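*Asks:* Got a predicted model here, sequence first, then my questions.
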Amino acid sequence: MKFGEVKENYYETTGKASDVARHLAFVGFGVVWLFRVGTSGISVPVEIAPAAIVFAVALFFDAMQYGVAARKWKRQVDVADSTCDADDDNCDVPTNINAVPRVFFGAKLWSVGIGYAWLIGAMIYLGAAGRLQSETAPVSPGHSVNVQIGEPVAP
């Protein structure tokens, strides 16, 4: 396999992993939302709230990964403009130019994993404590479906 193919595979897989992690963080928020308490405002069981915070941190790391990378590469383009004569010239690029974005990339992946571990653990705990209630929600006249929700909501 040629080095160019290796790099292409690396960029493709890390880009896909980044997209999946971002989507999983948003889905995690959706799952947390399912367990909200009450009908107004944002109130989730205290056992699940840390997962939402970790998902928010993962999205922060996502933004930082791309923000820092864009800034570093913009700086590199500015340097290349003054040192390279044409678009096809080889320009020196620091080997560590992606070091900080890689740290944010790893932190994002770990954050999503930790968020889901916390969320699953909290759901198991809440289920064992009997705090996950099953209520019947109307679907159409004469039919109903059991849905899992957070704590019962007073009318």
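*Replies:* Alright, I've got the coordinates.

*Asks:* where exactly do the strands run in this protein?
*Replies:* Under the criterion DSSP state E, the chain carries strands at the ranges 133-140, 143-149.

*Asks:* and the spatially closest residue to Val79 that is not a sequence neighbour, how many residues sit next to it?
*Replies:* In this structure, Val79 finds its nearest non-sequential neighbour in Cys91, 7.8 Å apart by Cβ to Cβ, 6 or more residues apart in numbering. Placement of C-beta: from N, CA and C, glycine included. Other residues near Cys91 come to 12 when the count uses other Cβ atoms under 10 Å.

*Asks:* got it, and the one 4 residues further on?
*Replies:* Using other Cβ under 10 Å as the criterion, Thr95 is surrounded by 7 other residues.

*Asks:* Arg71 now?
*Replies:* Look at Arg71: counted by other Cβ under 10 Å, it has 12 neighbours.

*Asks:* Repeat that for Val100.
*Replies:* 15.

*Asks:* wait, it sits on Lys72?
*Replies:* Yes. Counting by Cβ atoms under 8 Å, Lys72 is a contact partner of Val100 at 7.3 Å.

*Asks:* Give the buried residues for stretch 58-78.
*Replies:* Residues of stretch 58-78 classed as buried: Ala58, Leu59, Phe61, Asp62, Met64, Gln65, Val68, Ala69, Lys72 (neighbour count, 16 or more other Cβ atoms under 10 Å).

*Asks:* In helices, which of these fall?
*Replies:* Members of the buried residues of stretch 58-78 lying in helices (criterion: DSSP state H): Ala58, Leu59, Phe61, Asp62, Met64, Gln65, Val68, Ala69, Lys72.

*Asks:* doesn't Ala99 make contact with the last one?
*Replies:* Read it as Lys72. No. At 9.2 Å, Lys72 does not count as touching Ala99 under the criterion of Cβ under 8 Å.

*Asks:* got a list of what Ala49 touches?
*Replies:* Shown in contact with Ala49 (Cβ atoms under 8 Å, 6 or more residues apart in numbering): Val32.

*Asks:* Actually, Trp33.
*Replies:* Going by Cβ under 8 Å, 6+ apart, the list of residues near Trp33 reads Val44.
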